[in-house]
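Asker: fold the following for me, if possible:
(one chain, ligands or ions: 3)
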Amino acid sequence: MARFARIALDVPLPRLFDYQAPGFSTDDVGRRVEVPFGKKILVGLVLEITDTPDCPEEKLKPLKAIDSTLPPLPSDVLDLFRFCASYYHYPIGQVALSALPTALRRWKFELPKPVVRYALTIAGQLALPDALPARAVARHRLAARLKTGSADSIELNHLCGDAPRVIQDWLEKGWAIIQEDAPAATAIVRPDLLKEQQAAVDAVKHDWGGFSAFLLHGITGSGKTEVYLRLVEETLSQGRQTLILVPEIGLTPQFTQRVAARFPETSISVLHSGLAEGERLLRWKQAAAGKAGIVLGTRLSVFTPMPGLGLIIVDEEHDASFSQQEGLRYSARDLAVFRARQRNIPVVLGSATPSLESWHNAETGRYTRLTLPDRATGASLPETSLIDIRNQLLDEGLSQRAILSIGETLSRREQALVFINRRGYAPVLHCPVCAWVAPCPRCSARLTLHRPRHRLRCHHCGHEERIPAACPACGNPDIRAIGQGTQRVEEALERHFPSARIIRADRDSTRRKGSWDTMQASIHSGKADLIVGTQLIAKGHDFPNLTLVIALDADGALFSLDFRAEERLFAQLMQVAGRAGRADKPGSVLIQTSFPDHPLFSSLATHDFAGFAQAQLAMRKTGLLPPFSRQAVLRAEAHQLSAAMAWLARAREIIPESPDVEIFEPVPAPMLKKAGLERAQLWLQSTSRGSLQKALQEWVPQLHTLRAAGIRWHLDVDPVEN
Ligand code: ADP
Ligand code: ZN
Ligand code: ZN
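Answerer: Residues are numbered from 1 along each chain as shown. Ligands and ions are numbered 1, 2, ... in the order given. I've put the predicted structure just below:
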C-alpha cells in the first residue's frame, strides 16, 4: 500500500507537510528525514505516517533520505512538541527543529571522538613541566591541570589547542596515562538531614509513582540542594533518570561540581549553550539512550529525550532565563511541569523567592509547598538595614555610611560587595548647556558610556560609537557623564581604598570564557577584598569571608510601569543579600534608597517573602493581573510605527468573539524603537486560560494569512516582558 509521511519542517507555517514514503512504518515516526521543499532541500522530522494524504498523491514528492543512524525520538517528546506548538501557537515544525540539538538541524552531523580521561604520572627523573620549553605556555597549562588530578579530553582541548597531539606524545614518553572510567572526583560527605529537609524529602517520596508538583521554598543556604541530591539518589536507586534545570550553568559551576561529586559513579550529561555542537549532541545522545543518570541543563534541555525519566527538578525556578525570549517563546519551568504530568512523575521547583505564579499555585493547593526556614549550617541571616539617601551628598552613588562600612569591613580583613545593576561607566552622556543626551540612532534608548575603551554603547542593539569631543548639538566641549555604572563605582572605590584588591564582575568583564570562574576562585581564596558587580554576582559561589553587601540604586524598579518590576527587585536583593555571612561570620546588608518607608524594604529586612508575596498578590488580584488572569500579546515591528499599528488593527478585527477575553487597543511598545524597527503591540487578557487559548487557536492561523508586507510579528503567550 502507498504510504505517506507527515513531516515537521523549519518553515513559518503552522502545519505538517506530506511526502511519499513507500516502505515506511510507524517505527519511523520520530526519525530525521531529508526532503525537497520548493527549490531547497530541508531537514525534517517524521511526525506521522498515513495512508490518506491531505492532497492528491501524484502531487506529493518522495522523501530524499531517512536517517537510521539515530534512534527515533520517543513519542513523549513528540507530544511535548505538539503541546508546545498548540499552547504557544507556534508552527509545529519550528518547535520541533528548534528543540533539537543544533547539530541535528543540518543533515550531516559529526560526532566528536569519545571522551577519554587522562592522568599524569611523573616518570623517570624528569618532572614533566621542567622538561617543557618555558615558552610552551599552553603545554604548561595542560601539565599543570593534569597534575591536579585526572581530566577529560574535552576540558584539555580547551586548555591547549593541540592537546590530542601533545598528549599522544606524552603517552608515548610514559608521562601521561589513560585512566579507564576514573571518577572525576571523590564522593563528598553526605550530611544527616535536618528535620525540615527530611520532611521535604519524605513528602516527595510519599507521592512517588504519580504526578505531583512541589514548591521548595527556602532562603539561600537553607539546604535545598541537599534535598535535591537526596531525591536524585532515590531516583537513581530505582534505575531512573533525573532532569535538573538550572538558569545558567556558566554562572554556577559549583552546583554542577557538587552534583558530580555526590554521584561519582553516575554518568551526568551537562547541557548548555556554551558547548560545541558535537559535544552537545554526544551528551544529548547519552541522555536519549538512557545512559545518563542525570541530565543537568539550561532551558533547552527540557526537550531532551529521557526514556527513564523519573524526576524533574527546577532550581531557581523564578529566574527569568527559563523564559526563551525569541523564536519559540516558551517557559522551560512551565514545560517542566507539563512534562512531569505527562510522564506521571514528581517535579520539584525550588527557590528562595518563588515566582508569584508558583507561589499562588502553592497557596491554592495546586502545588505542595515545602519550606526550609533556616540556614542549614546554623549561620544567622544577614542583618538588613536601609540607608536613607534623601538630602545626602553621594560620592559616585556611594553614601558616607556605605564608605565607612566598607572601610570597617576591610580593616577586619573581610570582604565587601557593592551591587549596582548597571554595567558600563555611566548611563547618560549629557550636555549641560543644551540638554542633549547621547541617543542610540537605532533604538529609543540612551547610549551607555564605557570608559576603558572610550566608547558609547547601546545595551539594546549593540550599536557602538566614539565619545564625541564636544556636544553634537551646540558644540559645547564640556559634556558630562551622569549617573553610575559598575566601572565608575569601581573607580570611586579605587580612590577611597587604594590598597584594596578590587574585582569588577559584569557582563563586560566576564565575557571571556572562564573568566567568571577565575574571579570566583580569587574571591573564594581571599585574593580579592572588594567586589563590585551586577546581578551576575547574585548567582554562583558562596563566599565565606564576605560579610558586607551594599546595594546602590535599588529605587529604579519601585515605580516602574512593569507590574513585575518589584517582584524582580525583591528576588535580586534577596539573592544578593544571600551572599553575605554564609559561614560562621554574621553578615550585614545595606540598601541605599530614597524610599525607606516602602513596604518592599520592610519585607526584605525581615526576610519575609510570604508577606511580600501576599501584598503583591493582593495588588495583582485587584488589577486582575497574572496569576489572576492570563495574557497574550501580539507584537509587530516595522520601519514605521504606523505600519505596525495598522497591521495590528487589522489583526484585531479578526479576533473571534469571546465574552471572556478582554481585547485591548494596539499601542506603541514601551520602548518604541529597537534595532532600527518601530514596535507596537496588542494585548489580550482573560481570567480563563481555556477561553484565551480557544480564541488564540482560531485567531493565530488566520494571522498567518493576513498580508504582512514589511511587518515582522510574533505572539507571546504568558509574556514576562512588557
Ligand atoms: P541551598 O541550596 O538552599 O542554598 P545548600 O543545600 O547549598 O542550600 O546548603 C547550604 C550549606 O549547608 C551547604 O554548605 C551544605 O553543605 C550545608 N548543609 C545542607 N544541609 C545540611 C545538613 N543537613 N547538615 C549540615 N549541613 C548541611
Ligand atoms: Zn549641547
Ligand atoms: Zn540601540
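
Asker: I'd like the average pLDDT over stretch 67-87.
Answerer: Per-region confidence: stretch 67-87 scores 96 on mean pLDDT.

Asker: surely residue 451 touches residue 488?
Answerer: Yes - counting by CB atoms under 8 Å, residue 451 touches residue 488, with 7.4 Å between them. Placement of C-beta: from N, CA and C, glycine included.

Asker: neighbour count: these two, which is higher?
Answerer: residue 488 (22 against 16; other CB atoms under 10 Å).

Asker: from what I can see residue 569 touches residue 557, true?
Answerer: Yes - contact criterion CB under 8 Å: residue 569 and residue 557 qualify, at 4.0 Å.

Asker: hang on, the earlier thing: quick check: neighbours shared by residue 451 and residue 488?
Answerer: residue 425 (CB atoms under 8 Å, 6 or more residues apart in numbering).

Asker: least trustworthy helix or strand in this protein by mean pLDDT?
Answerer: Across the helices and strands of the chain, mean pLDDT, DSSP states H and E gives its lowest value to helix 128-131, namely a mean of 64.

Asker: how many neighbouring residues does residue 222 have?
Answerer: Applying other CB under 10 Å, we find 25 residues neighbouring residue 222.

Asker: ok, the residue lying closest to residue 398 once chain neighbours are set aside - contacts?
Answerer: Ranked by CB to CB, 6 or more residues apart in numbering and with sequence neighbours excluded, the top spatial neighbour of residue 398 is residue 492, at 6.1 Å. Contacts here follow CB under 8 Å, 6+ apart; on that basis residue 492 touches 395-398, 484.

Asker: of those, buried ones?
Answerer: Among the contacts of residue 492, those classed as buried by 16 or more other CB atoms under 10 Å are 396-398, 484.

Asker: got the contact list for stretch 160-171?
Answerer: With CB under 8 Å, 6+ apart, stretch 160-171 has contacts from 118, 120, 128, 138-139, 141-142, 153, 156-157, 176-178.

Asker: report the buried members of those.
Answerer: Here, 16+ other CB under 10 Å leaves 118, 120, 128, 139, 142, 153, 156-157, 176-177 buried among the contacts of stretch 160-171.

Asker: that older thread, can you redo the buried ones among the contacts of residue 492 as CSV with distance to residue 245, pLDDT and secondary structure?
Answerer: Supplementary listing: the buried ones among the contacts of residue 492 in CSV, determined by distance: CB to CB, whole Å; pLDDT from 0 to 100; DSSP: H, G, I helix; E, B strand; the rest coil:
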residue, distance to residue 245, pLDDT, secondary structure
396, 39, 94, coil
397, 36, 94, coil
398, 38, 96, strand
484, 35, 95, coil
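
Asker: tell me the one of those nearest residue 616?
Answerer: residue 397 (27.5 Å; CB to CB).

Asker: now the closest one. Nearest residue, chain neighbours left out?
Answerer: Using CB to CB, 6+ apart, the nearest residue to residue 397 is residue 484, at 4.1 Å.

Asker: might you report the residue contacts of that neighbour?
Answerer: 396-397, 420, 422, 426-427, 492, 552-553.

Asker: check these and tell me the two furthest apart.
Answerer: For those, and using CB to CB, no pair is farther apart than 427 and 492, which are 15.4 Å apart.

Asker: send me the helix or strand hosting residue 295 as PDB with only the CA atoms.
Answerer: Following DSSP states H and E, one finds residue 295 within strand 294-297. Output in PDB follows, covering the C-alpha atoms of strand 294-297 (Å, rounded to 0.1, in the frame of the first residue of the first chain):
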ATOM      1  CA  ILE A 294      21.400  12.800  35.500                       C
ATOM      2  CA  VAL A 295      20.800  15.500  32.900                       C
ATOM      3  CA  LEU A 296      21.800  18.900  34.200                       C
ATOM      4  CA  GLY A 297      21.000  21.700  31.800                       C
END
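
Asker: and the stretch 101-250 of the chain, which residues reach ligand 1?
Answerer: With CB under 6 Å from any ligand atom as the criterion, the stretch 101-250 of the chain meets ligand 1 at residues 191-194, 197, 218, 220-226.

Asker: pull the contacting residues for residue 412.
Answerer: With CB under 8 Å, 6+ apart, residue 412 has these contacts: residue 547.

Asker: show me where the stretch 151-300 of the chain has its strands.
Answerer: 151-152, 176-179, 212-218, 241-245, 268-271, 294-297 (DSSP state E, counting those that start in this stretch).

Asker: got any ranges where this protein has weak pLDDT?
Answerer: Counting by pLDDT under 70, the chain has low-confidence residues at 1, 114-115, 120-130, 154, 179-188, 250-253, 540-541, 582-583.

Asker: show me what from it comes close to ligand 3.
Answerer: Residues of the chain lying near ligand 3 by CB under 5 Å from the ion: 440, 442-443, 458, 460-461, 463.

Asker: got a winner among those for most neighbours?
Answerer: residue 440 (24 neighbours).

Asker: list the beta-bridge partners for residue 395.
Answerer: residue 398 (DSSP bridges).

Asker: quick check: residues of the stretch 51-200 of the chain near ligand 2?
Answerer: So the stretch 51-200 of the chain never meets ligand 2 (CB under 5 Å from the ion).

Asker: tell me which residue in the stretch 51-200 of the chain sits closest to ligand 1.
Answerer: Taking CB to the nearest ligand atom as the measure, the stretch 51-200 of the chain has residue 191 as its residue closest to ligand 1, at 3.4 Å.

Asker: hang on, that residue packs against residue 226?
Answerer: Yes - judged on CB under 8 Å, residue 191 makes contact with residue 226 at a distance of 6.7 Å.

Asker: returning to what we had before: which among the buried ones among the contacts of stretch 160-171 gets closest to residue 39?
Answerer: Taking these together and measuring to residue 39 by CB to CB, the closest member is residue 157, at 39.1 Å.

Asker: what are the ranges of the helices in the stretch 251-400 of the chain?
Answerer: 253-262, 277-288, 332-343, 356-363, 400-411 (DSSP state H, counting those that start in this stretch).
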